[in-house]
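Peer 1: Dropping a prediction and its sequence here:
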Amino acid sequence: MACGSTYLWAGEATWFCCGNAWGSCGSENTGACGTCQSSKNMAAWPNLSSACWNITRPDLCGENMPRRACGSVMNIRHQCSGATVCVTLADCGPRTQSFCGEATCCSGTCRTNRVVDLTPAAYSAIGSLSSGLLPVYIYE
Amino acid sequence: MGHNQESGGRRLDRRRFLTAAAIGGATIVGASALGGLDAEAAFAAPMPSLDPAIRAAFAEGRVVAVNRGVLDVAGSHGERHLIQLTNATSVWKLRTTTAEAIESGDGLYARGVTMPDGTIAADAVWVNIVNVHCTIRGIAKDRLHLAHGNHELVGRIVPATTTASYLGGALTSDLSRMRIGQTAQVLGAWRPADNHIDIARLTLGH
């Protein structure tokens, strides 16, 4: 399935490790879909299932994003640089409700709330891992 | 300059740039031109677009050996990578640092371009970097005791380095507002010697 260009959402992207072998990532498994690997372009979405939604609760931050299933693809675009990466959904996350109101900015424009979590491979394709958060647009 | 940079479109030919850097014949303007920015710079300035015609290579794993600027890395799934460091490679290990800080036994993520001989010329290497969602279970002067899923972690507070953001606010060196039970995202550098984490940044939630 190819990544599309229809706007879906905007917000903050963060990163997480899965299926890895070192550090605190070594205890992580392959995610809710059983396929997640840090070295692949994959992502976690807050509305992967009703069980996932009950953990992430983006609605408590005013984010009511639609449900998408394991294997769905999305195009993640850095708000300012335009760098993009095509990702496949492989896990549930991020825990949006824990950081309501958090904003990340570039060029004077901010995006609010964590709406997608990327593997290190995917995140590093559009930004530096040491930044921790990036403002992004999401397309499908 | 040994690479192609359009001043208006800000698009870079990554392969040509890194190839030139790897053989040492280029005048290097700095790894930030390819996005290897530290956290503060990443927030402050937009990153130039990476050339979409050249797919970024990515590697992760443990450093087995360091030999004349080449990292021999064992991946998590049995693969092996040779990562060529150049004079344009951005290296992060708790903070922006130099290639000399990389040691055997370290874990890493690396981004770059695959060269004709199969090595990866790296524009950025993040050594031992971790970014984990935790709950604060204990607070001491020099460390935090954290719950990460079903695991316990120790996060070491590094003087003049560790910063915190409270409820989405600006980064501060004031760590006095943390409390037990608080949710925290911990970005830091794993320490292979004791399995602790040196904390670069705490993002504290509700």
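Peer 2: Received it, and whenever you're ready, just let me know what you need. Quick caveat, the model's predicted, so the values are computed rather than measured.
Peer 1: For residue 115, report the pLDDT, please.
Peer 2: Since you didn't name a chain, this refers to chain A. For A:Val115, the pLDDT comes out at 98.
Peer 1: my bad, the chain I had in mind was chain B
Peer 2: So, for B:Met115, pLDDT stands at 93.
Peer 1: That one contacts B:Ile83, correct?
Peer 2: No - contact criterion Cβ atoms under 8 Å: B:Met115 and B:Ile83 do not qualify, at 10.4 Å. No exception for glycine: its C-beta is placed from N, CA and C like everyone else's.
Peer 1: okay, those two: which has more neighbours?
Peer 2: For B:Met115 and B:Ile83, the more surrounded residue by other Cβ atoms under 10 Å in any protein chain shown is B:Ile83, and the numbers stand at 25 against 16.
Peer 1: So the strand or helix carrying that one, near chain A or not?
Peer 2: Using DSSP states H and E, B:Ile83 sits in strand B:80-84. No - with Cβ under 8 Å from any Cβ of the partner chain as the criterion, chain A is not reached by strand B:80-84; the gap is at least 9.9 Å.
Peer 1: name the element the residue nearest in space to the middle of chain B belongs to?
Peer 2: Taking Cα atoms, centre = their mean, the centroid of chain B lies closest to B:Trp126, which sits 2.7 Å from it. Here B:Trp126 is covered by strand B:120-127, with elements defined by DSSP H and E.
Peer 1: who does that strand touch, helix- and strand-wise?
Peer 2: With contacts defined as 3 or more Cβ pairs under 8 Å, 6 or more residues apart in numbering or on different chains; DSSP states H and E, the packing partners of strand B:120-127 are helix A:120-126, helix B:14-23, strand B:80-84, strand B:90-93, strand B:107-114.
Peer 1: Which parts of chain B belong to which domain?
Peer 2: Domains of chain B are assigned by the TED database as B:11-43+B:55-127, B:129-204.
Peer 1: I'd like the average pLDDT over the last one.
Peer 2: Mean pLDDT, domain B:129-204: 95.
Peer 1: got it, and stretch A:45-56?
Peer 2: Across stretch A:45-56, the average pLDDT comes to 98.
Peer 1: what's the spacing between it and its chain's center?
Peer 2: Chain-centre distance of stretch A:45-56: 13 Å, with Cα atoms, centre = their mean, to the nearest Å.
Peer 1: Which residues does it contact?
Peer 2: If you take Cβ atoms under 8 Å, 6 or more residues apart in numbering or on different chains as the criterion, stretch A:45-56 is touched by A:32-33, A:58-59, A:63, A:65-70, A:72, A:74, A:89, A:91-97, A:115-116.
Peer 1: still on that earlier bit, quick one: buried residues of whichever helix or strand comes after the strand holding B:Trp126?
Peer 2: As assigned by DSSP H and E, the chain's next helix or strand after strand B:120-127 is strand B:129-139. Counting neighbours by 16 or more other Cβ atoms under 10 Å in any protein chain shown, one finds that the buried residues in strand B:129-139 are B:129-136.
Peer 1: Considering only the contacts of stretch A:45-56, which also neighbour chain B?
Peer 2: With Cβ under 8 Å from any Cβ as the criterion, those include A:94-95, A:97 near chain B.
Peer 1: so which of those residues is the most crowded?
Peer 2: The most crowded member of these, judged by other Cβ under 10 Å, is A:Pro94 (29 neighbours).
Peer 1: strand partners of the lowest-mean-pLDDT helix or strand in chain A, parallel vs antiparallel please.
Peer 2: Lowest mean confidence among the helices and strands of chain A (mean pLDDT, DSSP states H and E): strand A:103-106, at a mean of 92. According to DSSP bridges, strand A:103-106 forms sheet pairs with strand A:109-112 (antiparallel).
Peer 1: As CSV, could you dump the C-alpha coordinates of the strand it pairs with?
Peer 2: Only the C-alpha atoms of strand A:109-112 are listed here, as CSV (Å, rounded to 0.1, in the frame of the first residue of the first chain):
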residue,chain,number,x,y,z
THR,A,109,4.3,27.9,14.4
CYS,A,110,3.5,25.3,17.0
ARG,A,111,1.8,22.0,17.0
THR,A,112,0.1,20.7,20.1
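Peer 1: Chain B: strands as residue ranges?
Peer 2: In chain B, the strands defined using DSSP state E lie at B:57-67, B:70-74, B:80-84, B:90-93, B:95-97, B:107-114, B:120-127, B:129-139, B:143-148, B:151-157, B:163-166, B:183-190, B:197-204.
Peer 1: From the chain's centroid, how far away is the last one?
Peer 2: Pointing back at strand B:197-204 there. For strand B:197-204, the distance to the chain centre is 14 Å (Cα atoms, centre = their mean).
Peer 1: any chance of the buried residues of strand B:129-139 in JSON lines, with distance to B:Leu153 too?
Peer 2: Below are these laid out as JSON lines (distance: Cβ to Cβ, whole Å):
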{"residue": "B:Ile129", "distance to B:Leu153": "15"}
{"residue": "B:Val130", "distance to B:Leu153": "9"}
{"residue": "B:Asn131", "distance to B:Leu153": "12"}
{"residue": "B:Val132", "distance to B:Leu153": "7"}
{"residue": "B:His133", "distance to B:Leu153": "11"}
{"residue": "B:Cys134", "distance to B:Leu153": "6"}
{"residue": "B:Thr135", "distance to B:Leu153": "10"}
{"residue": "B:Ile136", "distance to B:Leu153": "11"}
